[in-house]
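Student: Just to be clear, the model below is a prediction. Sequence and coordinates:
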Amino acid sequence: MKRRRLPPRSAALAVSVAPGGDITILTPRPALKQQADPLPDDTVREDRPAAPEELPAPAAAAALNAALNIDPQNLIPADLKADAVKYYLANKGKLGNLRYIGVVDFARHSSFARFYIADTQDGTLNIYHVAHGSGSDPDRDGYATIFSNVVNSNASSLGFYLTGEIYNGKHGRSMRLHGLSATNSNAYERAVVIHAADYVSDNNVQPGRSWGCLAVSNAMLGNVIETLKGGALIYAGLAGAE
C-alpha cells in the first residue's frame, strides 16, 4: 500500500481520567476544514455474542526479535510504538499471530490515515484510515476527545486488543476484538469489532463515525483482517498524551 505523507504531530496532550476509567482530552484541538454535508454514522449495532470465545492457543514460536525493529522509517508515533512493542514482548504467549502488530493513534484527526499495521518480519508498514466512535466525537469535528469502556457509550476505547473470531454479521465480514486493558475490558460485550463502512474512504477526508468499532474502508477491510487475524495485538492510544 502506498505510504502517505502525514501532517506534523501535535504537542503533548493533557488528559483527564475519571474514576470509572473514562478518558477525556483537555487540550484544545486545532480546527480543520469540515465537510459541508452531515457525515453518516453507524445505524446498525453488531450482534452481541452469547459468551466470550477462548483466547487463541499460545504461539509455538518465540517472539520475533524483529519486533524491536518495526517501522524503520519511524512513521508510527514513538511513544505508541514503544508501548506496543513492550506489551508484545511481555505477552507473546497470549498472541496467536506474532507477525503483525496494529497501532491506532486516536490523537490524530480522523481525516488522516492513523491505523498502522507493522510487519515484524520485514519491517514493512501499511497505514489505513479508520473511524472512531460517535460518543468520542460528539461535536463531529473529526477529533476523538472522549474514550469510554461503558456499554452503549458508542465511544472508542483506548488500550490493548487481541483479534478474535472472523464472522459475517450486519456489517458483512467482521472480526471480533478482545479488550486486554482496564480501559477496554468491555469491548467484547460492547461488540466493538473491526468492520468495513461506506462512510470511510481512503482519501484524506473526514469519515463518519462508528459506534466504537474500528471501521475501515470497504476496499481495505480484507487487507486489515488478513494481516491481523488469528490473535494479533492492536494498541489504541493517544500519541503525546501526558
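Tutor: The structure has been received and is ready for your questions.
Student: okay, and for this structure, where does confidence drop off?
Tutor: Confidence mapping of the chain against pLDDT under 70 gives the ranges 1-11, 36, 51-68.
Student: all helices of it, in order?
Tutor: 78-90, 221-228 (DSSP state H).
Student: so residue 140 touches residue 209, yeah?
Tutor: Yes. The criterion here is CB atoms under 8 Å, and residue 140 meets it with residue 209 at 7.4 Å. Yep, even glycine has a C-beta here, placed from its N, CA and C like the rest.
Student: sorry, back to before: any chance of the helices of the chain in JSON lines with distance to residue 14 and mean neighbour count as columns?
Tutor: Shown next, in JSON lines, are the helices of the chain (distance: least, CB to CB, whole Å; neighbours: other CB atoms under 10 Å):
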{"stretch": "helix 78-90", "distance to residue 14": "15", "mean neighbour count": "17"}
{"stretch": "helix 221-228", "distance to residue 14": "31", "mean neighbour count": "18"}
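Student: As TSV, the ones you listed with distance to residue 97 would be great.
Tutor: Shown next, in TSV, are these (distance: least, CB to CB, whole Å):
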stretch	distance to residue 97
helix 78-90	11
helix 221-228	7
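Student: for those, which one sits closest to residue 127?
Tutor: Ranking those by proximity to residue 127 (CB to CB) places helix 221-228 first, at 11.1 Å.
Student: got a list of contacts for that closest one?
Tutor: 1, 97, 99-100, 102, 115, 117, 119, 126, 128, 163, 166, 172-173, 175, 194-196, 216, 234 (CB atoms under 8 Å, 6 or more residues apart in numbering).
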